[in-house]
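Novice: No sequence on hand, only this structure:
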């Protein structure tokens, strides 16, 4: 029998530590603590969710559904999944919920699988007007396996052109009409889209990845009960684990569940489902609703201050926690703006604007979001300070000595700003 001394040298069980990973964890925690998080799609989970993610459920394999699992020993996880789906239904007023999708895009894949066949036409918001890649991008499965068409926004208002949408729907007769976006900061008229979907006998699917937390807090009108199917995620505004979920009418329950498992996924991550259950419970509290209202109010206040400083806010404002800012008035691209802000300690994404003249790799704007910064303790009254740092950073060219020094000073200022005592969120 060959010896394996390298195994014997390794500590086992709870004694094992990985100093390299520990160092990376510490560095990431420090980065998040000392920089302002304005990425619209990120949000830290509340501590109770983190505890669920690290629980014994992480080790359980549970292919299938409650009462019909492939693996044995699933009596407890059956109760857990039943709890999570019940909480999702109750929170959103849905007839059916599936909480197994590993991500928002996994949930979206399942919707395609449930309602469409390869080659079927699908109509969604254009990617360059704020749509999501899983709604028809040629680089994505949705644009390769299906036949996507895109509606857009009006050039004068940058709001969805519902007249154009209806005309395209009548021409293309899509199997699915998709509402939802990744960079559209205004409320969507789901009733109008329901009317159009009914007129062409299409499935109305709402991708509410950015919207579901606002539905839960009654900040925006919900699509649940209007759409045939709604997909969402728990890791954005909902402050839960990374993962997706699907809400649907009861008549679609069987098709949705079969599409998630066994068509798209194998075993679900039961620790993530535990975290989702916690997040759904949290999202039904008054404290969560107050948190969401703060995030939306802060975003609107920040837009107002940035406009006063000479920047342009796409659509003229926002109805939610995210906004798209045109940095063209400062003579720079979105990528340059993102990089300067990053050096100044403000983390956000570049964005392509509707009718953008720059290539997508550059873009003419940045997308900002205040769900994460609100979790950091930033409030509406802080908008003046944050907007001032943003505009100062955008004007600072790091290729010059003075610009580099300005960005370094701003980074220190951001870290000091975030280190001050903050109001405590009772829900966390």
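Specialist: Perfect, I can see it now. As the structure is a prediction and not an experimental result, all values here were calculated from the model.
Novice: For the rest of this, base every contact and every neighbour count on C-alpha atoms.
Specialist: Fine.
Novice: Show me how this structure divides into domains.
Specialist: By the assignment in automatic domain parsing, the chain contains the domains 51-282, 286-419.
Novice: for the record, mean pLDDT for the shortest one?
Specialist: When you say that, I think you mean domain 286-419. Throughout domain 286-419, pLDDT has a mean value of 97.
Novice: Can you get me the start-to-end distance on it?
Specialist: Domain 286-419 has an end-to-end distance of 27 Å (CA to CA, to the nearest Å).
Novice: go on, stretch 235-248?
Specialist: Using CA to CA, the distance between the terminal residues of stretch 235-248 is 20 Å.
Novice: mind checking pLDDT for residue 16?
Specialist: pLDDT, the model's per-residue confidence, is 82 for residue 16.
Novice: That one: neighbour count?
Specialist: 9 (other CA atoms under 10 Å).
Novice: for residue 22, same thing?
Specialist: 11.
Novice: Turn the domains of the chain into TSV, columns for distance to residue 38.
Specialist: Below are these laid out as TSV (distance: least, CA to CA, whole Å):
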stretch	distance to residue 38
domain 51-282	12
domain 286-419	5
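Novice: what's the closest of those to residue 21?
Specialist: Proximity to residue 21 (CA to CA) singles out domain 51-282 among the domains of the chain, at 16.5 Å.
Novice: got the end-to-end distance for that closest one?
Specialist: End-to-end for domain 51-282, by CA to CA: 14 Å.
Novice: nearest to residue 39, of the domains of the chain?
Specialist: domain 286-419 (4.5 Å).
Novice: Now do the strands in the stretch 51-200 of the chain.
Specialist: 64-65, 68-69, 96-98, 121-125, 147-151, 176-179 (DSSP state E, counting those that start in this stretch).
Novice: Check the chain for its longest helix and report it.
Specialist: Under DSSP state H, the helix in the chain containing the largest number of residues is helix 286-308.
Novice: Buried ones in that one, by neighbour count?
Specialist: 287-289, 291-307 (16 or more other CA atoms under 10 Å).
Novice: neighbouring contacts of it?
Specialist: Residues outside helix 286-308 that contact it (CA atoms under 8 Å, 6 or more residues apart in numbering): 213-214, 216-219, 237, 282-283, 312-313, 317-323, 369-371, 373-374, 378-384, 386-387, 391, 425-427.
Novice: Got the phi and psi for residue 214?
Specialist: The phi/psi pair for residue 214 (degrees, to the nearest 10) reads phi -70, psi -30.
Novice: these two touch, right, it and residue 208?
Specialist: No: contact criterion CA atoms under 8 Å: residue 214 and residue 208 do not qualify, at 9.3 Å.
Novice: what ranges do the strands span in the stretch 201-350 of the chain?
Specialist: 203-207, 229-233, 244-248, 312-313, 322-326, 346-347, 349-351.
Novice: got the ones you listed as TSV, with mean neighbour count and distance to residue 179 columns?
Specialist: Formatted as TSV, those follow (neighbours: other CA atoms under 10 Å; distance: least, CA to CA, whole Å):
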stretch	mean neighbour count	distance to residue 179
strand 203-207	25	5
strand 229-233	29	9
strand 244-248	27	14
strand 312-313	20	22
strand 322-326	28	17
strand 346-347	22	28
strand 349-351	25	20
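Novice: closest to residue 361 out of those strands?
Specialist: strand 349-351 (8.9 Å).
Novice: and that closest one, which strands flank it?
Specialist: Within its sheet, strand 349-351 is paired with strand 365-369 (antiparallel), according to DSSP bridges.
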